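# need a 3D model of the sequence below.
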Amino acid sequence: MPDALERAAREKRLAALGSVGSAVLLVFLKVFLTIVTGSLGVLSEALHSSLDLVAAVITYLSIRVADKPADAEHLYGHGKVESFSAFVETGLLLLTAVYVIWEALQRLLFRAPHIYPSLKAIFILLVAMGIDLIRSRALRRVADKYPSEALEADALHFSTDVWSTLVVIVGITGAWLGEKLGIPGLGRLDAVAALGVAGVILWIGSQLGRRTLDALLDVAPRGLRERIAEAVDNTEGVLRADRVRVRRSGQRYFVDVSISVPRTASFEQAHAASEAVERSIARVVPADVVVHVEPRARADEHLFETVRAIAQRRGLAVHEISAHRYAGRLFIELHLEVDETATLRQAHQRATDLEKEILGVAEPGTRVNIHIEPLGARIGGAEEVGDLAGAVRDYLNSLPPEYRDLADCHEVHVRSVEDKILVSCHCSMDGNLPITEVHDLTAALENRVRERFPQIARVTIHPEPAGEG
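This is a model prediction of the structure:
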């Protein structure tokens, strides 16, 4: 990437330097013609080219500065220098147009200086027009390849020079024909040609001025914000784009976007969504992107998601959330895990606060019942109880006739942990079962094991599809 950036900067500098050289040659030719012919049209072109030379030098210097990387004082880089140089060029163009219009009106209305047209002058102007044409195309090619406002402005200048030079050629030709044919009125075509040049300068200057002013005022390119917002809205994990801001500095774009994600999303999921947004924007326009994430409730958020979001915001761990209706009233039950060092008073206060907030968003008349249990944090020692493990395995594998969806049970481990007997095992069953039925089946098996072996305190069954364990 650094090599590509350096190559782009070098090519842009060479294009700008070539523009300076061409401008020097054109100024020399047109000043020479002004002295020889006394034509106002040629004088206006000479002035135009002189300002083009100044503009080309400004463009070259601005490109050298604009391609510098961001630093401690210019956190967004130096790209605005290109826009500023283009704005300066616009001012120079408008000053040129004002002078040319003034001089043309003076010659048309108050005085008629003698002009010395010649075929040699017309030929030299054709050569100048050819130089303008070649230079504008070369600048346009580089400006399109490496988006550059300064080079684009330079290319625009020299493309208009082609037409303004053509207008001057018409004026000089009219004066020459008027001299040859004895029609003095044709000599006024020179001043009219100068007005034509001024008109071209004013038109192109106004267009360039508007664009460079937009760049300096951070006006977003038309339609770009909407395209970015649409790409963000269609990104997986994003509810919607809340705000999109775009600015351009030189050839770089900077995008600030705020997105909404489900409030139940984890920090990692929110981060993954923001990275996906960056990739989506990159497919629209290469940019430096900053993403701000806002947690929001989805329009179709389920009651259980709301409860989890409330608990998550309070930093509480909950599970076993359930709800049912009885006698026209909604009952919500859940298990709350609290620090095992907490007292009952402390744990009860957390449960009460959680219950109040849930009731604040639930339908009127709702009842909430919260079971409090310690949040496991200690890792204790354990001893394997081998004889009991075999008995549990044999018992579980005798149950498939009663539970047709159960295939077999294996990986049975029985351990003694802090004077409690704990059992863990894997059970294979029909892989097409809905997870709700799987949960009911594992709960039934766990109950059967505890009934058969009362000394067992807890049974944990890991279900897996038959044949895939």
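
# helix, strand, or coil at residue 30?
Classification of residue 30 by DSSP: H, G, I helix; E, B strand; the rest coil places it in helix.

# what's the closest non-adjacent residue to it?
Closest residue to residue 30 apart from its sequence neighbours, by Cβ to Cβ, 6 or more residues apart in numbering: residue 46 at 3.8 Å. (Each C-beta comes from the backbone N, C-alpha and C, glycine too.)

# which stretches of this protein form helices?
For the chain, helices defined by DSSP state H occupy the ranges 2-37, 40-66, 80-109, 119-145, 149-181, 189-216, 224-233, 267-284, 303-313, 344-361, 386-396, 435-452.

# what is the burial count for the nearest residue to residue 231 once chain neighbours are set aside?
Using Cβ to Cβ, 6+ apart and skipping the chain neighbours, the partner closest in space to residue 231 is residue 280 (4.3 Å). By other Cβ atoms under 10 Å, the residues close to residue 280 number 21.

# check contacts around residue 280.
By Cβ atoms under 8 Å, 6 or more residues apart in numbering, the residues touching residue 280 are 231, 232, 234, 235.

# partners of the nearest residue to residue 431 once chain neighbours are set aside in the sheet?
Take residue 431 and drop its neighbours on the chain: the residue closest to it by Cβ to Cβ, 6+ apart is residue 465, 3.0 Å away. When assigned by DSSP bridges, residue 465 has beta-bridge partners residue 429.

# what about the stretch 201-350 of the chain, any weak spots by pLDDT?
208, 211-221, 249-251 (pLDDT under 70).

# sorry, back to before: how close does the residue nearest to residue 431 sit to residue 437?
Separation of residue 465 from residue 437 (Cβ to Cβ, to the nearest Å) stands at 13 Å.

# likewise for residue 252?
Taking Cβ to Cβ, one finds residue 252 at 56 Å from residue 437.

# so those two - more neighbours on which side?
Each of residue 252 and residue 437 has its neighbours counted (other Cβ under 10 Å); residue 252 has more, 16 against 13.

# in this structure the more buried one contacts residue 288, no?
Yes: using Cβ atoms under 8 Å, residue 252 is in contact with residue 288, at 6.6 Å.

# OK, contacts around the residue lying closest to residue 52 once chain neighbours are set aside?
Using Cβ to Cβ, 6+ apart and skipping the chain neighbours, the partner closest in space to residue 52 is residue 23 (5.0 Å). By Cβ under 8 Å, 6+ apart, the contact set of residue 23 is 49, 52, 53, 56.

# how many neighbours does residue 369 have?
Other residues close to residue 369 by other Cβ under 10 Å number 11.

# quick check: beta-bridge partners of it?
Those that pair with residue 369 in a beta bridge, by DSSP bridges, are residue 333.

# make sure it is actually in contact with residue 330.
No: here residue 369 does not reach residue 330: they are 11.7 Å apart, not a contact under Cβ under 8 Å.

# check contacts around the most centrally placed residue in the chain.
Closest to where the C-alpha atoms of the chain average out (Cα atoms, centre = their mean) is residue 281, at 3.9 Å. For residue 281, the contact set (Cβ under 8 Å, 6+ apart) comprises 228, 231, 232, 255, 257, 287, 289.

# next: residue 238.
232, 259, 260, 261, 273, 276, 277.

# gap between the last one and residue 10?
So the one you mean is residue 277. Taking Cβ to Cβ, one finds residue 277 at 34 Å from residue 10.

# so between these two, which is more surrounded?
Per other Cβ under 10 Å, whichever of residue 277 and residue 10 has more neighbours is residue 277, with 25 against 11.

# name the nearest residue to residue 425, sequence neighbours excluded.
Looking at residue 425 with Cβ to Cβ, 6+ apart, the closest residue is residue 412, at 4.2 Å.

# go on, residue 463?
That would be residue 438: by Cβ to Cβ, 6+ apart, it lies 5.1 Å from residue 463.

# any chance of TSV for the contacts of residue 238, columns distance to residue 390?
Output for the contacts of residue 238, formatted as TSV (distance: Cβ to Cβ, whole Å):
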residue	distance to residue 390
232	58
259	55
260	55
261	50
273	49
276	50
277	55
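
# burial measure for the spatially closest residue to residue 199 that is not a sequence neighbour, as a count.
Spatial nearest neighbour of residue 199, excluding adjacent residues (Cβ to Cβ, 6+ apart): residue 97 at 8.0 Å. For residue 97, the number of neighbouring residues by other Cβ under 10 Å comes to 24.

# how about residue 97, what does it touch?
Counting by Cβ under 8 Å, 6+ apart, residue 97 touches 198, 199, 201, 202, 205.

# ok, and the most crowded of those residues?
Ranked by the number of neighbours (other Cβ under 10 Å), the contacts of residue 97 place residue 201 first, at 27 neighbours.

# was I right about it contacting residue 98?
No: using Cβ under 8 Å, residue 201 makes no contact with residue 98, being 9.3 Å away.

# my guess is residue 358 contacts residue 310. True?
Yes: with contact defined as Cβ under 8 Å, residue 358 reaches residue 310; the gap is 6.0 Å.

# domains for this protein, by residue range?
Annotated domains of the chain cover 2-216, 224-296, 303-375, 383-465 [automatic domain parsing].

# residue 462: neighbouring residues, count only.
If we define neighbours as other Cβ under 10 Å, then residue 462 has 11 of them.

# so it versus residue 320, what's the distance?
Distance, residue 462 to residue 320, by Cβ to Cβ: 18 Å.

# how about residue 228?
Taking Cβ to Cβ, one finds residue 228 at 43 Å from residue 320.

# and those two? Which one has more around it.
Taking neighbours as other Cβ under 10 Å, residue 228 and residue 320 compare with residue 228 leading, 25 against 10.

# many thanks, we can stop here.
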